[in-house]
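Q: predicted model and sequence follow; I will ask about them next.
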Amino acid sequence: MAASFPASDAGIGAVKTGMLPERLKKALDDAQAQVNSLVLGKPHEVRLAFVALLSDGHLLIEDLPGLGKTTLAHALAATLGLEFQRVQFTSDLLPADIVGVSVFDPQVRRFEFHPGPIFTQVLLADEINRAPPRTQSALLEAMAEHQVTVDGATHALPDPFFVIATQNPVDLSGTYPLPDSQLDRFLLRLALGYPGEDAERELLAGHDRRALIAATRPRLDRDDVVAIRQAVSAVHASEALIAYVQALMARSRRHPGVRVGLSPRAGLALLRASKAYALLLGRNHVRPEDVQALFAAVAAHRLVGEAEAGSDAALAKSILHAVAVD
């Protein structure tokens, strides 16, 4: 199935929704530049992290230790002026260690809720697959609902609330792999990979990343992030663009080697992420290349392939190549 697009942006550019005020646009550009100065040689991955945050989604990073996953999370929170907490997931971690617990106060003769580290704006869930399923579920439920319930009482999480979870794809002994239904809660999945030669040399010869992040000045604040999220939701997606996204979803359900294709929720995630990607590039409308740039990061971890089909990332690329854009 092919989708048709106008040869030029005439008409689309006249849409006035989804545009940022000049102050916010400059601050957002400065924020991206600052994170790139802290996470060297990974501009595409940094942009994807911004996409996940500004789309009101969550980010899963699968990579080896020592490649900058924690640095990215710290740098993003410091640059955006958001509260940050890190939780090291282990096999003995309990749900109460994350969401909090009610403790009886004998002076007032009632239970008082003591919030856990999940009550923050940016949460780094380090090595999420090392915690047992019950603890994983407590976090992932909060990600989906933006609230937690303890002893029958519901507690709203901060706004914005953004989770960056990490996994080591090699050392899987003693881990609890996330089921497909919980992987679906992550808007994007990415890998940072090894730095390039120039970036690695600069990293080795430069200052300690932790000291640089500690001295970082916020470029945005909480209200700015909320305003940019509102602008993302107003970015224009044409009927032809929506048809293209729908064609990708349909192809995933009948593509060779795919046992379970993409759900409508995956289509909504792809469209929402594409709007944020377009906004980060300074546009108020989505183009097919925005969808293409994000498709593997949005779709791969949601696909269930046959045993002989190869990696999920290869399946995602194959689906993308199978759907033409006219």
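A: That came in fine, so what should we check first? Numbers count the residues shown, from 1 in each chain.
Q: phi, psi for Lys42 please.
A: Backbone torsions of Lys42, given as degrees, to the nearest 10, read phi -130, psi 50.
Q: so what's it closest to, chain neighbours aside?
A: Leu192 (5.8 Å; Cβ to Cβ, 6 or more residues apart in numbering). Backbone N, C-alpha and C define where each C-beta goes, glycine included.
Q: count the neighbours of Phe111 for me.
A: The number of residues packed near Phe111 is 14, by other Cβ atoms under 10 Å.
Q: which SSE is it in?
A: Following DSSP states H and E, the helix or strand that holds Phe111 is strand 110-115.
Q: ok, Val323 to Pro195 distance?
A: 33 Å (Cβ to Cβ, to the nearest Å).
Q: for Arg302, same thing?
A: With Cβ to Cβ as the criterion, Arg302 and Pro195 are 28 Å apart.
Q: those two: which has the busier surroundings?
A: Neighbour count, other Cβ under 10 Å: between Arg302 and Pro195, Arg302 has more, with 22 against 18.
Q: bridging across strands, which residues link to the residue positioned nearest the centre of the chain?
A: In the chain, the residue lying closest to the centroid (Cα atoms, centre = their mean) is Leu59, at 2.8 Å. Taking DSSP bridges as the rule, Leu59 bridges to Ile164, Leu188.
Q: check contacts around it.
A: By Cβ atoms under 8 Å, 6 or more residues apart in numbering, the contact set of Leu59 is 48-49, 52-53, 162-165, 186-190.
Q: give me that answer again for 10 Å
A: 45, 48-53, 69, 72-73, 76, 162-166, 186-190, 297 (Cβ atoms under 10 Å, 6 or more residues apart in numbering).
Q: likewise Asp184?
A: Per Cβ under 10 Å, 6+ apart, neighbours of Asp184: 140, 144, 178, 262-263, 265-266, 269, 301-302.
Q: can you check the pLDDT for it?
A: With respect to pLDDT, Asp184 has a value of 89.
Q: what's the helix or strand for Ala269?
A: helix 264-280.
Q: give me the mean pLDDT for that helix.
A: 96.
Q: kindly report the same for stretch 292-308.
A: Mean pLDDT, stretch 292-308: 90.
Q: what packs against the strand holding Phe111?
A: Contact here means 3 or more Cβ pairs under 10 Å, 6 or more residues apart in numbering; DSSP states H and E; on that basis strand 110-115 packs against helix 95-99, strand 100-105, strand 147-150, strand 153-156.
Q: shouldn't Thr79 be in contact with Leu212?
A: No: assessed by Cβ atoms under 10 Å, Thr79 is found out of contact with Leu212, at 11.3 Å.
Q: and these two? Which one has more around it.
A: Remark: of Thr79 and Leu212, Thr79 carries more neighbours, 23 against 17, as counted by other Cβ under 10 Å.
Q: quick one: Ala324 and Leu24, what's the gap?
A: 36 Å.
Q: strands along the stretch 51-200 of the chain, start to end?
A: Using DSSP state E, counting those that start in this stretch, the strands of the stretch 51-200 of the chain run over 59-62, 84-88, 100-105, 110-115, 122-126, 147-150, 153-156, 162-167, 188-190.
Q: neighbouring contacts of the last one?
A: Strand 188-190 is contacted from outside by 42, 44-45, 48-49, 51-52, 55, 57-63, 69, 72, 165, 167, 183, 269-270, 273, 294, 296-302, 312-313, using Cβ under 10 Å, 6+ apart.
Q: repeat that for 7 Å
A: By Cβ atoms under 7 Å, 6 or more residues apart in numbering, the surrounding residues in contact with strand 188-190 are 45, 48, 51-52, 57, 59-62, 273, 297-298, 300-301.
Q: on that earlier part again, what subset of the contacts of Asp184 is buried?
A: Applying 16 or more other Cβ atoms under 10 Å to those, the neighbour count classes 140, 178, 262, 266, 269, 301-302 as buried.
Q: which two from those end up farthest apart in space?
A: Greatest spacing in the buried ones among the contacts of Asp184, by Cβ to Cβ: Leu140 and Leu262 (19.1 Å).
Q: beta partners for Glu112?
A: Beta-bridge partners, per DSSP bridges, of Glu112: Val103.
Q: hang on, it packs against Val103?
A: Yes: assessed by Cβ atoms under 7 Å, Glu112 is found in contact with Val103 at 5.8 Å.
Q: shared neighbours of those two, anything?
A: Common neighbours of Glu112 and Val103 (Cβ under 7 Å, 6+ apart) do not exist.
Q: pretty sure Ala131 sits against Val87.
A: No: with contact defined as Cβ under 7 Å, Ala131 does not reach Val87; the gap is 9.0 Å.
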